[in-house]
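Asker: Build me a model from this:
(one chain, ligands or ions: 1)
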Amino acid sequence: MKGLPEVSGGRVVTLDGPAGAGKSTVARRLALNLGWRLLDTGAMYRAVTLAALRASLDMTQEAELARLVETITVELPPSRVLLNGEDVSSLIRAAEVTEQSRFAADSPSVRRRLATWQRAFAVGNDLVTEGRDQGTLVFPQAFRKYYLTASDVERARRRSAEMAARGEPADVDDVLRSLRERDARDAARAIAPMTPAADAIIVDSTGLTIDQVVDFLAADIRDRLSLRDLSS
Ligand code: C5P
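Answerer: Numbers count the residues shown, from 1 in each chain. Prediction:
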């Protein structure tokens, strides 16, 4: 993103892609496998959205979101999301937050502020980061970039199974409809549209298990790491 300082961080692996492709689980397992830190950037947009809902902001007003994001803190210690120090890990998964998060995602001020936090997270840390724009805009120099996708029908099936497991059963067709809407919005937004980086490896997880995807990525990264060691 223009205007952001270059950071001399650790190695960064970016994992971008649409909702329901298995990104969160894959990113978590990959980070564990490599012993690297994990950054869930969607959780940051969700935390900003929760703060905006609590403050009853008109989220169509960029100035209101811009002011808000300057007055809150969002921190991601391992496995938790803190908004102004409060643990909101579960609250940010509420359907209303999911639905309303597009306003924060469309806001240039929010994106700028979160990108700064995301880059700060990489300073001194090897990192697996997941989102929509990590390989394209936030970490264009990433060590390795992946774009994880799957057919929309498979993604909807996975999402509705996850929701059922959380005790919120949802019809697969409804989930598919809302997922397609979200994909279209994410891909069409004027700022930071969801698209694979030119140098990203596209991984289609349709028909693959999470283990297969994680094993593939971990092996690919280890190959790159050993190649780098050999050439230095
Ligand atoms: O991935 P998740 O569903 O948690 O993302 C929450 C919201 O944040 C979505 O609206 C998504 O489009 C947006 N997002 C984004 N850029 C990112 C990560 C998430 O715009 N890097």
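
Asker: and residue 200, how many neighbours?
Answerer: 21 (other CB atoms under 10 Å). No exception for glycine: its C-beta is placed from N, CA and C like everyone else's.

Asker: got the contact list for it?
Answerer: 14, 16, 135, 145, 146, 147 (CB atoms under 8 Å, 6 or more residues apart in numbering).

Asker: Spatially nearest residue to the last one, not counting backbone neighbours?
Answerer: Okay, so that is residue 147. residue 196 (3.7 Å; CB to CB, 6 or more residues apart in numbering).

Asker: Verify the contact between that neighbour and residue 202 for me.
Answerer: Yes: if you go by CB atoms under 8 Å, residue 196 and residue 202 touch, sitting 5.9 Å apart.

Asker: Find residues that contact each of those two.
Answerer: Overlap of the contact sets of residue 196 and residue 202 (by CB under 8 Å, 6+ apart) consists of residue 147.

Asker: Now flag whichever of the contacts of residue 200 is closest to residue 101.
Answerer: Comparing those against residue 101 with CB to CB places residue 16 closest, at 16.2 Å.

Asker: next SSE after the host helix or strand of residue 13?
Answerer: Per DSSP states H and E, residue 13 falls inside strand 12-16. Counting by DSSP H and E, the next helix or strand C-terminal to strand 12-16 is helix 23-34.

Asker: same for that following helix, what does it pack against?
Answerer: strand 12-16, strand 37-40, strand 127-131, helix 210-231 (3 or more CB pairs under 8 Å, 6 or more residues apart in numbering; DSSP states H and E).
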